[in-house]
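Q: Any chance you could fold what I've pasted below:
(2 chains)
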Protein chains: 2
Amino acid sequence: MSQSSTENRRIVLAERPQGLPNDSTLRLETSDIPTAGDGEMLLRTKFLSLDPYMRGRMNDAKSYATPVEIGGVMTGQVVAEVVTSNLEGFTEGDLVLAGSGWQDYAVSDGTKIINLGKDPANPSWALGILGMPGYTAYAGLLRIGDPKPGETVVVAAASGPVGATVGQIAKIKGCRIVGIAGGAEKCAHVVDNLGFDACIDHKADDFAEQLAAACPDGIDVYFENVGGKVLYGVLPLLNPFARMPVCGVVSWYNMPNLPEGPDMGPVIMGTLLRQKVKVEGFIIFDSFPASVYDDFRRDMTEWLKDGKVQYKEQIVDGFENAPAALNDVLLGRSFGKVVVKVD
Amino acid sequence: MSQSSTENRRIVLAERPQGLPNDSTLRLETSDIPTAGDGEMLLRTKFLSLDPYMRGRMNDAKSYATPVEIGGVMTGQVVAEVVTSNLEGFTEGDLVLAGSGWQDYAVSDGTKIINLGKDPANPSWALGILGMPGYTAYAGLLRIGDPKPGETVVVAAASGPVGATVGQIAKIKGCRIVGIAGGAEKCAHVVDNLGFDACIDHKADDFAEQLAAACPDGIDVYFENVGGKVLYGVLPLLNPFARMPVCGVVSWYNMPNLPEGPDMGPVIMGTLLRQKVKVEGFIIFDSFPASVYDDFRRDMTEWLKDGKVQYKEQIVDGFENAPAALNDVLLGRSFGKVVVKVD
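A: As a prediction, this is how the structure comes out:
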């Protein structure tokens, strides 16, 4: 089923999942294509970004942001093309970065829309290395993690769009960088193509021992995006005055209930105390002033041009495949940044 | 048994405790009084400070600092009198703040010794409001907690030397301050004498509900010194961009094993992420530059003089009563800052 010029496909939240989303969670619907009024434009989606945070938006609980309503279009960032525009600054054929969600068409008044121009190089990169995941890596690592040359930085989901970028920026800053990923293929990519000093397979039985061996001088910065056993393997290795930016805990997103004990609270808090660790949770577009975004765009554009940062994208073809592809992201079965090619 | 001029009483660590220290943990010994050589002075202890951190020093584990050796004198800060001095800057009769531990006499070369002069007002206060606990409250609250007028600050052990000081400083800074303490008598003291806006008894069955009711605008700063159920009651109330200085987790110090589950790790880390919380563990004399200590001494001296800060001390008479009194501190049975009058 491909994109139509007469119908708007929308994927809506049918019911709130317990644990991993399943076939009942999301529903594909069609509706009429909306019309752009005065001061509005009509957008047609070309690429839809899939990101771990989307699982949180399916919950009713207090989360990053307002949850998706039951029956509402799933939240998501897209690269879209302007079909018609009654809005200054946007003309037909412009590509834009928008938050219009999982649907073919949307009307916008231009709020929070970034115009990428008529012919940007790699338009989908605005959803990845030049967008939210890249910015998350940049600001979290540099503004909270504050890595210094010679320090050891650890990041999980190291072949994913955030982890891969954290590691490559840490390398640029002169750090030893140890990644964690799922499986030999991803680990090889992380070391061979991205230049990490080491990468540990979190599926290994002796994961904690391997991590300790890869960090002989302890850990100075742990960029936290997964939680779970990776966090618990990192804690005993943290050096005094370590820093821990927290942008996600994806291994815990699909739990219907809290894990069995023991309660690791005393280990977490006791480590922060004894090692004088600084931890900061952040939501990228809430936590930093616009000047940091400008720094990011400037630095990242240069690093990409100079080949100092490599970027791996996995393109999923077909809008209807987005739900299954999101589950792959949540389960660590994707490889690189996942975008759905919608048009 | 009182202080002698011919014998040195010492309380040493006899064995490492599992859980709460008991009669086998510490042992009272006597030895000869040491002699001050060239460049040294002999100190006679007048007051010994009792503090929760001492429990951690009894463990062999990686802790704040080097553990006390088996057979070694228990670590502790004291106010002592100079008996004889072969050291410039110290003369007989000077009172000093020293780290000479649980014993009547010690020889010092002056390293890390602060001379309080011959006749300081309230010499034991150097162990409390004008010393480590007061400084912990001041630097942790102001430099990490960064409280702003109108914000809500929560602190546990609110009748203790750190908590009471945190609350009174927060009040000076224009905050709403909610304390947590054990029992009606302490709560009444905290509200009536220290000026807290509310104080919740952590022994109440509906503690979490009472805490929520006392914080109608959520919590902006949680000064963490206890962990456990207080922390878990605070987490759901934290506001976006809340700050959490961590100076102790005393409710967890005496556990021989981790508590039963569920594992609260996902709740802790998930809250830090969603609410963009900043957490920082600190050890007071490691974490701040000397200029902060100078600010503290200046501000606190003025606040005490102006009656803006009240200070409650519990004097335990007799060196041999120190072990039981330390357990009272660890169990929340003490009231105010506990010092042992040794001489």
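
Q: Tell me where the stretch 151-300 of chain A has strands.
A: According to DSSP state E, counting those that start in this stretch, the stretch 151-300 of chain A carries its strands in the segments A:152-155, A:176-181, A:198-201, A:219-223, A:238-246, A:278-281.

Q: Now look at the fifth one and say if it contacts chain B.
A: If I follow you right, that is strand A:238-246. Yes - using CB under 8 Å from any CB of the partner chain, we find that strand A:238-246 touches chain B at A:240, A:246. Quick note: C-beta positions are derived from backbone N, CA and C, even for glycine.

Q: hang on, isn't residue A:101 packed against residue A:57?
A: No - counting by CB atoms under 8 Å, residue A:101 does not reach residue A:57; the two are 10.1 Å apart.

Q: what touches both of these two?
A: Residues touching both residue A:101 and residue A:57 by CB atoms under 8 Å, 6 or more residues apart in numbering or on different chains: A:74-75.

Q: The strands of the stretch 151-300 of chain A into CSV, with extra columns for mean neighbour count and distance to residue A:23?
A: Formatted as CSV, these follow (neighbours: other CB atoms under 10 Å in any protein chain shown; distance: least, CB to CB, whole Å):
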stretch, mean neighbour count, distance to residue A:23
strand A:152-155, 29, 33
strand A:176-181, 28, 29
strand A:198-201, 22, 31
strand A:219-223, 28, 34
strand A:238-246, 22, 32
strand A:278-281, 24, 33
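
Q: Rebuild those as JSON lines, extending it with mean pLDDT.
A: Below are these laid out as JSON lines (pLDDT from 0 to 100):
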{"stretch": "strand A:152-155", "mean pLDDT": "98"}
{"stretch": "strand A:176-181", "mean pLDDT": "97"}
{"stretch": "strand A:198-201", "mean pLDDT": "98"}
{"stretch": "strand A:219-223", "mean pLDDT": "98"}
{"stretch": "strand A:238-246", "mean pLDDT": "98"}
{"stretch": "strand A:278-281", "mean pLDDT": "98"}
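
Q: ok, now how distant is the spatially closest residue to residue A:142 that is not a sequence neighbour from residue A:315?
A: Setting aside the residues directly before and after it, residue A:142 is nearest to residue A:169 in space (CB to CB, 6 or more residues apart in numbering or on different chains), at 6.9 Å. To residue A:315, residue A:169 is 24 Å away according to CB to CB, to the nearest Å.

Q: When those two are compared, which one has more neighbours?
A: Using other CB atoms under 10 Å in any protein chain shown as the criterion, residue A:169 and residue A:315 rank with residue A:169 on top: 27 against 12.

Q: who touches that one in this structure?
A: Counting by CB under 8 Å, 6+ apart, residue A:169 touches A:137-138, A:141-142, A:303, A:309.

Q: Out of those residues, who's the most crowded?
A: residue A:137 leads these on contacts (other CB under 10 Å) with 32 neighbours.

Q: you'd agree that residue is in a helix?
A: Yes - looking at residue A:137 with DSSP: H, G, I helix; E, B strand; the rest coil, it is inside a helix.

Q: give the contact list for the nearest residue to it once chain neighbours are set aside.
A: Nearest non-adjacent residue to residue A:137, counting by CB to CB, 6+ apart: residue A:165, 3.6 Å away. By CB under 8 Å, 6+ apart, the contact list for residue A:165 reads A:129, A:133-134, A:137-138, A:309, A:311.

Q: What about those residues, which are in helices?
A: Using DSSP state H, A:133-134, A:137-138 are the members of the contacts of residue A:165 that sit in helices.

Q: Can you lay out those as JSON lines showing distance to residue A:114?
A: Conversion of these to JSON lines gives the following (distance: CB to CB, whole Å):
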{"residue": "A:133", "distance to residue A:114": "15"}
{"residue": "A:134", "distance to residue A:114": "14"}
{"residue": "A:137", "distance to residue A:114": "19"}
{"residue": "A:138", "distance to residue A:114": "17"}
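
Q: Pick out the most distant pair among the residues you listed.
A: Greatest spacing in these, by CB to CB: A:133 and A:138 (9.7 Å).

Q: related to what we said a few turns ago, show me which of the contacts of residue A:169 is closest to residue A:239.
A: Relative to residue A:239, the closest of the contacts of residue A:169 is residue A:141; by CB to CB it sits at 16.6 Å.

Q: any idea how far residue A:157 is from the closest residue in space to the closest one that isn't next to it in sequence?
A: Leaving aside its chain neighbours, residue A:141 sits nearest to residue A:166 (5.1 Å; criterion: CB to CB, 6+ apart). Residue A:166 sits 9 Å away from residue A:157, going by CB to CB.

Q: which one of those two has more residues nearby?
A: Applying other CB under 10 Å to residue A:166 and residue A:157 shows that residue A:166 carries more neighbours, namely 34 against 27.

Q: how much space between residue A:37 and residue B:137?
A: 59 Å.

Q: quick one: contacts for residue A:90?
A: A:41, A:82, A:96, A:110, A:113, A:115.

Q: who wins for most neighbours among the residues you listed?
A: Using other CB under 10 Å as the neighbour criterion, residue A:41 leads the contacts of residue A:90 with 26 neighbours.

Q: bridging residues for it?
A: Here residue A:41 sits in beta bridges with residue A:85, residue A:108, going by DSSP bridges.

Q: so which residue of chain A comes closest to chain B?
A: Proximity to chain B, evaluated over chain A using CB to the nearest CB, is greatest for residue A:261 at 1.8 Å.

Q: where does the stretch 101-250 of chain A come near chain B, residue by residue?
A: Counting by CB under 8 Å from any CB, the stretch 101-250 of chain A comes close to chain B at A:224, A:227-228, A:231-232, A:240, A:246-249.

Q: For these, work out which two are farthest apart.
A: Using CB to CB, the pair of these lying farthest apart is A:240 and A:248, separated by 25.5 Å.

Q: Per-residue pLDDT of the residue of chain A most remote from its centre, please?
A: No residue in chain A sits farther from the centre than residue A:38, which is 34.5 Å out by CA atoms, centre = their mean. On pLDDT, residue A:38 comes in at 96.

Q: That one and residue A:86 touch, don't they?
A: Yes - contact criterion CB under 8 Å: residue A:38 and residue A:86 qualify, at 5.6 Å.
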